[in-house]
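*Asks:* predicted model and sequence follow; I will ask about them next.
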Amino acid sequence: MVQLIRATRGRGNATVPQYNLNALGASEFERLSQALVKKVIGLGSVTFGAGRDGAREATFTGTSAIYPSPQSPWRGHWIFQVKFHDLSLTTPEKARSSVLAEVDQELGKVFNKYEYPCDNFVMITNVPISAVAEVGTIDAAQRLVSTKYENLKNFAFWGADEVCRFLDIFPSVRQPYLHLLVTGDLIAQLLNERRARLDELATTIKTYLRTSYTREMHAQLDQAGDVSDQPVRLQDVFFDLYAEVDDGRGAAHLHRNQQVRDVLRKHRSPQRSSGTLGARLGSLLLSEGVNRLVIVGGPGEGKSTVGQYVAQVHRSMLLGHVRDVALHRGTEVDETYIPLTPRIPFRVILKDFGQWLAEKKDQGQLGAGTIDEFICSQVSTVTSRSVSPDDLHHILRQNPTLLILDGLDEVTDPDLRKILLSRVAEFVDRCETLEANLQILASTRPTGYTKEFDPAVFLHMRLSKLEPTQVRSYVSRWAKAKSLDESKSSRVRQTMD
């Protein structure tokens with residue numbers, strides 16, 4: 001009986017992949033598929049160029065280290081075939097029928113025409129594969145293979161969902177293709193290194209990103225006790241902060257939510273108790289683990305720094321030097337800190353937004369002032385280029401974005417705070433209407449905070465105390481960034497110990 005591997009994404013009907021594989025076209029999709037074969041199966045795989053491939057896009061002989069699992073890897077002779085269908089010219093149902101027919105055709109060539117040795121056959125396609133029991137593409141393929149190709153030991157379908165899952169796991173494969181894979185007209189322009197000219201709005205956003213990156217490249221350490229004038233680059237001292245769920249109602253209801261549990265478990269620090277619901281915040285946000293998050297923490301604990309760092313990573317991603325900013329694991333870049341979805345970040349200091357609203361009120365414009373207008377004024381000030389709310393709405397509608405709402409606790413006037421929160425709620429409603437792909441990160445101190453951000457919508461997480469190893473690591477990196485000599489560095493470390 002042939003063993004068949006089912007796609008792991010989606011249940012029932014095929015789901016829409018998060019990457020636009022159709023935009024790759026046949027040639028680029030084939031090259032991406034071959035790169036995935038080398039990552040998933042092994043570097044020893046042999047890939048074939050364009051043209052007649054003899055029913056093979058790639059081959060491999062041996063045992064895979066990880067596929068389909070490290071515990072039960074497949075071994076023997078492998079053949080990989082790639083089939084691309086332009087889904088703008090056909091329906092998913094017709095494309096699935098075509099791919100199923102191609103499985104039969106290609107296996108017929110392998111065993112009957114070319115008589116290749118083949119223990120494992122993998123069909124790779126950009127088509128979303130249906131997993132509906134009995135009638136879906138996967139079960140139909142299993143019946144076909146079991147009936148006609150009994151000598152084949154193993155068969156796998158890498159449909160669109162499975163390809164997207166692999167792209168999630170292997171950032172180095174997806175990175176060269178991101179300008180084609182991501183949704184977002186401006187982001188696609190910014191990521192395309194071959195593009196000679198940007199349109200006007202893309203030029204404005206690139207200018208905004210570059211200037212914001214430069215202005216926010218240094219760590220704000222005054223509340224953490226560093227009041228010297230010597231700046232320190234954020235990436236030189238940043239380490240990811242751990243936080244636990246703190247929604248005011250206890251975490252019992254979250255324990256019943258398998259998706260939330262799985263996400264938090266994936267980003268849990270290995271030093272923390274497995275019984276707590278918590279996660280490393282930067283990793284959680286950059287990997288799209290949550291799209292509405294409130295960080296609760298005291299002064300100097302780093303809640304604003306998390307937002308600053310995440311924004312810097314997205315900026316550097318769009319500016320082409322993300323590996324300079326992403327955290328490292330030893331000497332290698334930690335791929336967890338390469339954004340899964342590149343986003344255009346807008347960081348709003350709520351104290352500044354509140355002051356802006358207060359000025360509108362003092363000018364007799366009681367109902368005037370939206371967060372849309374405030375963001376536009378920020379972009380215009382930074383870039384010296386005109387940006388309208390219509391431009392902003394285009395950005396939001398067409399591109400993944402990140403909104404950082406920093407420091408609700410610093411808006412102390414209750415009436416002004418109420419107005420500010422209503423403006424934020426109105427903005428979120430407009431984004432819903434625009435069908436915007438918007439991630440929101442808010443931060444506040446616990447004092448005086450009464451869950452103004454709805455816990456039914458926003459996941460609330462409270463910063464945890466630092467581990468001794470984190471403190472020691474920070475002190476060493478801070479001393480190095482400050483260029484302290486060994487005697488001064490030693491005294492600082494002894495003080496912390």
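*Replies:* Arrived safely, thanks for sending.
*Asks:* so where is the stretch 201-350 of the chain shaky, pLDDT-wise?
*Replies:* Along the stretch 201-350 of the chain, the parts satisfying pLDDT under 70 run over 221-230, 247-261, 267-276.
*Asks:* what ranges do the helices span in it?
*Replies:* Using DSSP state H, counting those that start in this stretch, the helices of the stretch 201-350 of the chain run over 234-237, 252-255, 258-266, 281-286, 303-319, 350-362.
*Asks:* got a list of contacts for stretch 79-89?
*Replies:* Residues from elsewhere that reach stretch 79-89 (CB atoms under 8 Å, 6 or more residues apart in numbering): 22, 24-26, 29-30, 33-34, 37, 41, 45, 55-60, 95, 98-99, 102, 106, 110, 116, 118, 120-127. In short, each C-beta sits where N, CA and C put it, glycine included.
*Asks:* what's the per-residue pLDDT of the residue nearest to residue 434 when sequence neighbours are not counted here?
*Replies:* Counting by CB to CB, 6 or more residues apart in numbering, residue 434 lies nearest to residue 397, which is 4.5 Å off, once chain neighbours are set aside. For residue 397, the pLDDT comes out at 92.
*Asks:* ok, now residue 65?
*Replies:* pLDDT, the model's per-residue confidence, is 86 for residue 65.
*Asks:* could you look up the SS state of it?
*Replies:* At residue 65 the chain is in coil, as set by DSSP: H, G, I helix; E, B strand; the rest coil.
*Asks:* domains in this protein, by residue range?
*Replies:* If you go by automatic domain parsing, the domain ranges for the chain are 3-181, 189-465.
*Asks:* mean neighbour count added to the ones you listed, as CSV?
*Replies:* Supplementary listing: those in CSV, determined by neighbours: other CB atoms under 10 Å:
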stretch, mean neighbour count
domain 3-181, 17
domain 189-465, 17
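*Asks:* and the strands in the stretch 301-450 of the chain?
*Replies:* 328-329, 332-333, 344-349, 401-406, 438-444 (DSSP state E, counting those that start in this stretch).
*Asks:* and the third one, what does it pack onto?
*Replies:* With contacts taken as 3 or more CB pairs under 8 Å, 6 or more residues apart in numbering; DSSP states H and E, strand 344-349 sits against helix 200-215, helix 303-319, helix 371-383, strand 401-406.
*Asks:* again, only this time at 6 Å
*Replies:* Here strand 344-349 is seen to pack against helix 303-319, strand 401-406 when contacts are counted using 3 or more CB pairs under 6 Å, 6 or more residues apart in numbering; DSSP states H and E.
*Asks:* what angle sits between the first one and strand 344-349?
*Replies:* Taking axes from the mean of the first three to the mean of the last three CA atoms, to 10 degrees, one finds that helix 303-319 is oriented at 150 degrees with respect to strand 344-349.
*Asks:* who touches helix 303-319?
*Replies:* Helix 303-319 is contacted from outside by 190, 209, 213, 216, 234, 238, 241, 281-282, 285, 295, 297, 322, 325, 339, 342-343, 345, 347, 404, 406, 441, 443, using CB atoms under 6 Å, 6 or more residues apart in numbering.
*Asks:* got the angle between that helix and helix 200-215?
*Replies:* Between the axes of helix 303-319 and helix 200-215, defined by the same axes, to 10 degrees, the angle is 130 degrees.
*Asks:* now helix 303-319: how far from the chain's centre is it?
*Replies:* If you compare the mean C-alpha spot of helix 303-319 with that of the full chain, they lie 13 Å apart, counting by CA atoms, centre = their mean, to the nearest Å.
*Asks:* that helix versus strand 438-444: what angle between them?
*Replies:* If you take the same axes, to 10 degrees, helix 303-319 sits at 150 degrees to strand 438-444.
*Asks:* so who does the residue minimising distance to the centre of the chain touch?
*Replies:* Central residue check for the chain by CA atoms, centre = their mean: the C-alpha nearest the mean position is that of residue 340, 2.3 Å away. When contacts are counted by CB under 6 Å, 6+ apart, residue 340 is found next to 287, 288.
*Asks:* who are the packing partners of the helix or strand encompassing residue 27?
*Replies:* Counting by DSSP states H and E, the secondary-structure element that holds residue 27 is helix 25-40. Helix 25-40 makes packing contacts with strand 75-83, helix 171-174 when contacts are defined by 3+ CB pairs under 6 Å, 6+ apart.
*Asks:* next structured bit after the longest one?
*Replies:* Yep, that's strand 75-83 we're talking about. Heading C-terminal from strand 75-83, the first helix or strand you meet, by DSSP H and E, is helix 92-108.
*Asks:* using CSV, write out every CA atom in that next one.
*Replies:* What follows is helix 92-108, C-alpha atoms only, in CSV (Å, rounded to 0.1, in the frame of the first residue of the first chain):
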residue,chain,number,x,y,z
PRO,A,92,-9.4,26.0,-8.9
GLU,A,93,-11.6,23.0,-9.6
LYS,A,94,-10.4,22.7,-13.2
ALA,A,95,-6.8,23.2,-12.1
ARG,A,96,-7.1,20.4,-9.5
SER,A,97,-8.6,18.0,-12.2
SER,A,98,-5.7,18.9,-14.5
VAL,A,99,-3.1,18.2,-11.7
LEU,A,100,-4.7,14.9,-10.9
ALA,A,101,-4.5,13.9,-14.6
GLU,A,102,-0.9,15.0,-14.7
VAL,A,103,0.0,12.7,-11.8
ASP,A,104,-1.2,9.8,-13.9
GLN,A,105,0.7,11.1,-17.0
GLU,A,106,4.0,11.7,-15.2
LEU,A,107,4.0,8.4,-13.3
GLY,A,108,3.2,6.7,-16.5
